[in-house]
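K.L.:
have a look at this fold, sequence not included:
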């Protein structure tokens, strides 16, 4: 059987709705170290983005209303996101501070956890929760 996925695409990739694709790109680049792999423009408006982390496709997103979607961000809907994303980083404390500097909200300050990770949690400008961690033991 042939692989049903495009090259370099994992089996599962979150697809988020964001308020402003340019703001989200800048946040993910500066706060978490992501890089744009691909983006699609329609008359100067970004309508689809794929971002990688350390060369692996990790998240895709589109702004509210793209493709006629009625989807809204947790922030726009006034809700807490029911899911969170767990991202391993080199330095939890540095990444946490970088994220706060570019608009994240602190949810859990960096601390060592019983399961062996140094861990913190932030909320991004669209209301999605990101756990950032480094395995210690």
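P.N.:
Perfect, thanks for sending it. Since we're looking at a predicted model, the values are computed, not measured. Numbers count the residues shown, from 1 in each chain.

K.L.:
what sits up against the longest helix anywhere in the chain?
P.N.:
Determined from DSSP state H, the single longest helix within the chain is helix 92-101. In this structure, residues lying in contact with helix 92-101 by C-beta atoms under 8 Å, 6 or more residues apart in numbering are 30-33, 89, 106, 109-110, 118-120, 122, 124, 130, 132-134. C-beta: built from backbone N, CA, C; applies to glycine.

K.L.:
of those, grab the buried ones for ChimeraX.
P.N.:
Those of the contacts of helix 92-101 that count as buried under 16 or more other C-beta atoms under 10 Å are selected in ChimeraX with:
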select :31,32,89,110,118,119,120,122,124,130,132,133,134
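
K.L.:
what is the burial count for residue 15?
P.N.:
As a burial measure, residue 15 scores 11 neighbours (other C-beta atoms under 10 Å).
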